[in-house]
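[1] Please find the sequence and the predicted model below.
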Amino acid sequence: MDIPRPSQAKAKLKKRIILGSVVALALIGITVLLARLKPAAPTVERNLVWIADVKRGQMLRQVRGLGTLVPEEITWIAARTQGRVDKIVLRPGATVTPDSVILVLTNPDVVRASADADSQLRAAEAQLTNLKVQIESSVLAAEAAAASAKADFERYRLQAEVNDELFKDGLVSPLDVRVSKVTAEQAATRYTIEQKRYAFTKDSVAPQLAVQEAEVERLRSMAKLRREELEALTVRAGMNGVLQILPVDVGAQVQPGSNLARVADPRRLKAEIRIAETQARDIEIGQVAQIDTRNGVVAGKVGRIDPSVQNGTVTVDVFITDELPRGARPDLSVDGTIELERLENVVYVGRPAFGQEQTTVGIFKLDENSSYATRTQVKLGRSSVNTIEVLAGLEPGDRVILSDMSQWDSNDRVKLN
């Protein structure tokens, strides 16, 4: 027969309560410890990131851009008149001189206009010659009339003087004396009139000739213009160089002002470099530059900066000071590097993939054993093509990751494997 033992049941219940409490406290403690633990640092392959050293010393500031070689001297040959392309003599690539014929145009109206202008000029010149003869004849006639009037005046004056002497001796009548004096006065008046007429005739020569000469000069200019238009139908290079572009074909109709050919001097080339607008503010005329033509690097100087921005870039003309390497030709793609300034005794590092100048960015800095990298806030200063100035956050000798680490933005620490 079983006998109940209440004391043992209470002891077992108490033991279970104590054990449950201990287990609960242990679970709570483990949970708190786990909550306080930092998440494990993600692993990054060391050979997949770019690691660079922070340095102190001279930093060369540069900007770089792509561009092309273009001739310094380019001549576009435009059509003077309307016409049809009758013959193409030279093709692009041909070496030309100022008198080299590139193509020939035809226009019967230009030929006829030139012939008419020459004919009108010859007629005007003949009229001018005839007018000169007529004017010279009239001047000579006026001069002869003046000379005749002078002779008559002298004769009648002498006759009046003789009659006056004879009258004193009683050899002539008073009437004869009076008649001779009146005749002499009349001759004097006629002589004065003829002198004025002669002077007027001479003075009127220049105005009469000026009118006709102006007409001749007008027609001569017109004939010269029509002759030049006729000669322009034979299109010539006009300079020493190479024919680059010929945008017309045989039979094409061209209008005045249409471009017929482009000639350039391939021995004098410059580089047109396109620099990002954010990097072009420090570029100045005269700064040293280097142009990489893929066949060699040549030196140059900044000669012109385009005042406008196109497609986010500023065009900078670099005039080449060295001899161009073989293979350099117009429209060749080149790389241009412009030296802005040299910064002495500054802390700098390689330019990160995600940082711009005058900004503060987070950069992963390696620890002493290079096993881990911790995100550090770094203030950046002036930048160059491959380097950037460090104002705060890093010291010379530090090693940092310059690769794009945006995929680990949620982590402040990574492990390098």
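    Yes, it's here. Numbers count the residues shown, from 1 in each chain.

[2] Relative to Lys365, how far out is Thr359?
    Going from Thr359 to Lys365 by CB to CB, to the nearest Å gives 17 Å. To be clear about C-beta, it is placed using only N, CA and C from the backbone, and glycine gets the same treatment.

[3] Show me which of these two is the more surrounded one.
    Taking other CB atoms under 10 Å, Thr359 and Lys365 do not tie; Lys365 has more neighbours (19 against 13).

[4] Show me what the helix or strand containing the more buried one is packed up against.
    Using DSSP states H and E, Lys365 falls within strand 360-366. The contact analysis (3 or more CB pairs under 8 Å, 6 or more residues apart in numbering; DSSP states H and E) places strand 360-366 against strand 372-383, strand 399-401.

[5] buried stuff in the shortest one?
    Applying a neighbour-count criterion of 16 or more other CB atoms under 10 Å, one finds Arg399, Val400, Ile401 buried in strand 399-401.

[6] by contact count, what packs against the helix or strand where Val216 lies?
    Using DSSP H and E, Val216 maps to helix 205-232. With contacts taken as 3+ CB pairs under 8 Å, 6+ apart, helix 205-232 sits against helix 108-168.

[7] same question for the helix it packs on, mean pLDDT?
    Average pLDDT, helix 108-168: 88.

[8] what do you get for stretch 77-96?
    93.

[9] cool, stretch 370-383 as well?
    89.

[10] can you check stretch 29-38 too?
    Stretch 29-38 comes out at a mean pLDDT of 60.

[11] list the buried ones in stretch 79-89?
    Within stretch 79-89, judged by 16+ other CB under 10 Å, the buried ones are Ala79, Arg80, Thr81, Gly83, Val85, Ile88.

[12] Out of those residues, which sit inside strands?
    Gly83, Val85, Ile88 (DSSP state E).

[13] Quick check: bridge partners of the residue nearest to the last one when sequence neighbours are not counted?
    Using CB to CB, 6 or more residues apart in numbering and skipping residues adjacent in sequence, the residue nearest Ile88 is Leu103, 4.7 Å away. On the basis of DSSP bridges, Leu103 takes part in beta bridges with Ile88, Val235.

[14] wait, doesn't Leu103 sit right on Pro247?
    No. Using CB atoms under 8 Å, Leu103 is not in contact with Pro247; the gap is 11.1 Å.

[15] Are there residues contacting both of these two? Which ones?
    Leu260, Ala261 (CB atoms under 8 Å, 6 or more residues apart in numbering).

[16] show me the contacts for Asp164.
    Val177, Ser180, Lys181.

[17] ugh, wrong one, Val400
    51-52, 54, 349, 352, 363-366, 373, 376, 378, 394.

[18] Tell me the buried residues within these.
    The buried subset of the contacts of Val400 - by 16+ other CB under 10 Å - is Ile51, Ala52, Val54, Val349, Pro352, Ile363, Phe364, Lys365, Leu366, Ala373, Val378, Leu394.

[19] With distance to Glu72 as new columns, can those be given to me in a markdown table?
    Formatted as a markdown table, the buried ones among the contacts of Val400 follow (distance: CB to CB, whole Å):
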| residue | distance to Glu72 |
| --- | --- |
| Ile51 | 45 |
| Ala52 | 41 |
| Val54 | 44 |
| Val349 | 40 |
| Pro352 | 39 |
| Ile363 | 45 |
| Phe364 | 49 |
| Lys365 | 50 |
| Leu366 | 51 |
| Ala373 | 51 |
| Val378 | 45 |
| Leu394 | 46 |
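
[20] and of those residues, the nearest to Thr315?
    Pro352 (28.2 Å; CB to CB).

[21] Now the closest one: which helix or strand?
    Pro352 belongs to no helix or strand, assigned by DSSP H and E.

[22] what's the closest residue to it other than its chain neighbours in contact with, if anything?
    In space, and not counting its chain neighbours, Pro352 is closest to Leu402: 4.4 Å by CB to CB, 6+ apart. Contact analysis of Leu402 by CB under 8 Å, 6+ apart lists Val49, Trp50, Ile51, Ala52, Val349, Gly350, Arg351, Pro352, Ala353, Ile363.

[23] Show me the domain layout of this structure.
    Domain ranges of the chain: 44-59+343-416, 65-70+267-342, 74-107+240-264, 110-229, per automatic domain parsing.

[24] possible to save those as JSON lines with distance to Leu25?
    Shown next, in JSON lines, are the domains of the chain (distance: least, CB to CB, whole Å):
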{"stretch": "domain 44-59+343-416", "distance to Leu25": "32"}
{"stretch": "domain 65-70+267-342", "distance to Leu25": "62"}
{"stretch": "domain 74-107+240-264", "distance to Leu25": "90"}
{"stretch": "domain 110-229", "distance to Leu25": "111"}
